[in-house]
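Student: What shape does this take:
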Amino acid sequence: MLDFDLSADIQALRSTFADIKSVVGVEALTTEIARLSEEAGVPDLWDDVDKAQKVTSALSHRQTELRRITEIEARLDDLDVLVELANEMDDEDSAEEARHELAELEDIVSQLEVQTLLDGEYDDRAAVVTIRSGAGGDDATDFAEMLMRMYLRWAERHKYPVKVMDTSFAEGAGIKSATFEIDAPYAYGTLSVEAGTHRLARISPFGSADKRQTSFAAVEVIPVMEEAVEVEIPEGDIRVDVFRSSGPGGQSVNTTDSAVRLTHLPTGLVVSMQNEKSQIQNRAAAMRVLQTRLLLLQKEKEAAKKKELAGVITASWGDQMRSYFLYGQQLVKDLRTGHEVGNPAVVFDGDLDGFIAAGIRWRKRKDDD
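Tutor: Here you go, the predicted model:
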């Protein structure tokens, strides 16, 4: 007779989940969804496109949060039934299915628990991620493209919508830079721990000699502002350059010069956009990102905090936060948290949750000290 008991594990999981629900505030979340649903149902909502997009995006985010909670509750209830069925039917297959489901739920609840540590001012926002190649020539531009794919695969694994806003291809391999938006609740708080310099060490596929090559890329993460940010930028402080969008090898994508590059002269911050259909749309998108960067820079100065933002991350020796070793000992190691994975292939395929969770916990401990 099968004596199968997961009651202690399930009870512990339910206890953790109850704490999470308390922090999330399910009642307040439900009330907020009702309010936003009412706003979204107004007949003339789309007369103001910007406002409509903000309302529908906020509603979608809140609904996603609530759906995640209700799905976990339902799966916990189903797990109880599955354990009971395994014992009644003396069925080892059902018992194995229950063990697998428990492991999956423990992983999901652990991720949700980490999210409750995200209590920064902008942590619940969507994120704009920019990747720039650093020192290392073709290896660095290739590495930048590898990192871009890694984050896009991470978003795909979580079913998060992604919008590529700008890509600057290198003359050889890979990309000089790329900017993309991940539209999901807490995307900024989650991915902000990925900001910094990433280092790749491998036998270069671009050199004639089989020598180890070290290259660098910088990752910047900023929040998407739901409302217009209060940063006044005088016209004289901005240089606007218009150019033709291009793909790999310089192949023309658009037949008109619709891509826009904004340079903020006092700070040197540069923002490029080329993936919208018109020059006006690209300029508006670039201005929103520039305003956000300036707002964060302003807040950091006011708080006397020294964080690495665009233009500060040097993408070279001495300031890397994570190393990727693709020769000899295959390893990816975070130099802040000590978290490491001995299979770089799965990391580059988007398996980043372990690094992100460790980074969030590390930052929380650092802030509490």
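
Student: Going by residue numbers, what spans are helices in the stretch 1-150 of the chain?
Tutor: With helices called from DSSP state H, counting those that start in this stretch, the stretch 1-150 of the chain shows them at 7-24, 26-40, 49-89, 92-115, 137-157.

Student: Most tightly packed of the ones you listed?
Tutor: helix 137-157 (a mean of 21; mean count of other Cβ atoms under 10 Å). C-beta: built from backbone N, CA, C; applies to glycine.

Student: Pull the distance from it to the chain's centre.
Tutor: In terms of Cα atoms, centre = their mean, to the nearest Å, the centre of helix 137-157 is set 13 Å apart from its chain centre.

Student: average pLDDT across it?
Tutor: Helix 137-157 shows a mean pLDDT of 96.

Student: Next secondary structure after it?
Tutor: As assigned by DSSP states H and E, the chain's next helix or strand after helix 137-157 is strand 162-169.

Student: Quick one: name whatever helix or strand follows that next one.
Tutor: Sequence-wise, the next helix or strand downstream of strand 162-169 (DSSP H and E) is strand 175-182.

Student: partner strands of that next one, parallel or antiparallel?
Tutor: Using DSSP bridges, strand 175-182 pairs in its sheet with strand 127-133 (antiparallel), strand 162-169 (antiparallel).

Student: Save those as a markdown table, and put in mean neighbour count too.
Tutor: Below are those laid out as a markdown table (neighbours: other Cβ atoms under 10 Å):
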| stretch | mean neighbour count |
| --- | --- |
| strand 127-133 | 26 |
| strand 162-169 | 18 |
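
Student: Out of the helices of the stretch 1-150 of the chain, which gets nearest to residue 361?
Tutor: helix 92-115 (6.9 Å; Cβ to Cβ).

Student: And that closest one, how far out from the chain middle?
Tutor: On Cα atoms, centre = their mean, the centre of helix 92-115 falls 24 Å from the chain's centre.

Student: Next, the angle from that helix to helix 49-89.
Tutor: 150 degrees (axes from the mean of the first three to the mean of the last three Cα atoms, to 10 degrees).

Student: Residues contacting helix 92-115, please?
Tutor: Helix 92-115 is contacted by residues 2, 4, 6, 9-10, 13, 16-17, 19-20, 68, 72, 75-76, 78-79, 82-83, 85-86, 186, 189-190, 353, 356-357, 360-361 when judged by Cβ atoms under 8 Å, 6 or more residues apart in numbering.

Student: picking that back up, what's the closest of the helices of the stretch 1-150 of the chain to residue 332?
Tutor: Nearest to residue 332, of these and by Cβ to Cβ, is helix 137-157 at 10.2 Å.

Student: I'd like to know which elements the lowest-mean-pLDDT helix or strand in the chain is packed against.
Tutor: Sorting the helices and strands of the chain by mean pLDDT, DSSP states H and E puts helix 279-302 at the bottom, at a mean of 83. Packing partners of helix 279-302 (3 or more Cβ pairs under 8 Å, 6 or more residues apart in numbering; DSSP states H and E): strand 212-223, strand 238-243, strand 259-264, strand 269-273.

Student: Given the first one, what are its sheet partners and their directions?
Tutor: Translated: strand 212-223. Strand pairing for strand 212-223, determined by DSSP bridges: strand 127-133 (antiparallel), strand 196-203 (antiparallel).

Student: Quick check, residue 237 in contact with residue 265.
Tutor: Yes. The pair residue 237 / residue 265 is scored as a contact, 5.4 Å apart, by Cβ atoms under 8 Å.

Student: circling back to that earlier point, export the strands paired with strand 175-182 to TSV and append columns for mean pLDDT.
Tutor: Putting the strands paired with strand 175-182 into TSV (pLDDT from 0 to 100) gives the following:
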stretch	mean pLDDT
strand 127-133	94
strand 162-169	92
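
Student: who wins for proximity to residue 348 among these?
Tutor: Each of those has some distance to residue 348 by Cβ to Cβ; the shortest is strand 127-133, at 13.3 Å.

Student: May I have that closest one exported as CSV, CA atoms only?
Tutor: Taking C-alpha atoms only, strand 127-133 is exported to CSV below (Å, rounded to 0.1, in the frame of the first residue of the first chain):
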residue,chain,number,x,y,z
ALA,A,127,11.6,48.3,-17.9
VAL,A,128,13.7,49.7,-20.7
VAL,A,129,16.9,47.7,-21.1
THR,A,130,19.9,49.0,-23.0
ILE,A,131,23.0,46.9,-23.8
ARG,A,132,26.2,48.4,-25.1
SER,A,133,29.3,46.6,-26.2
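
Student: Mean neighbour count and distance to residue 206 added to the helices and strands packed on helix 279-302, as a markdown table?
Tutor: Putting these into a markdown table (neighbours: other Cβ atoms under 10 Å; distance: least, Cβ to Cβ, whole Å) gives the following:
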| stretch | mean neighbour count | distance to residue 206 |
| --- | --- | --- |
| strand 212-223 | 23 | 8 |
| strand 238-243 | 13 | 27 |
| strand 259-264 | 21 | 28 |
| strand 269-273 | 22 | 26 |
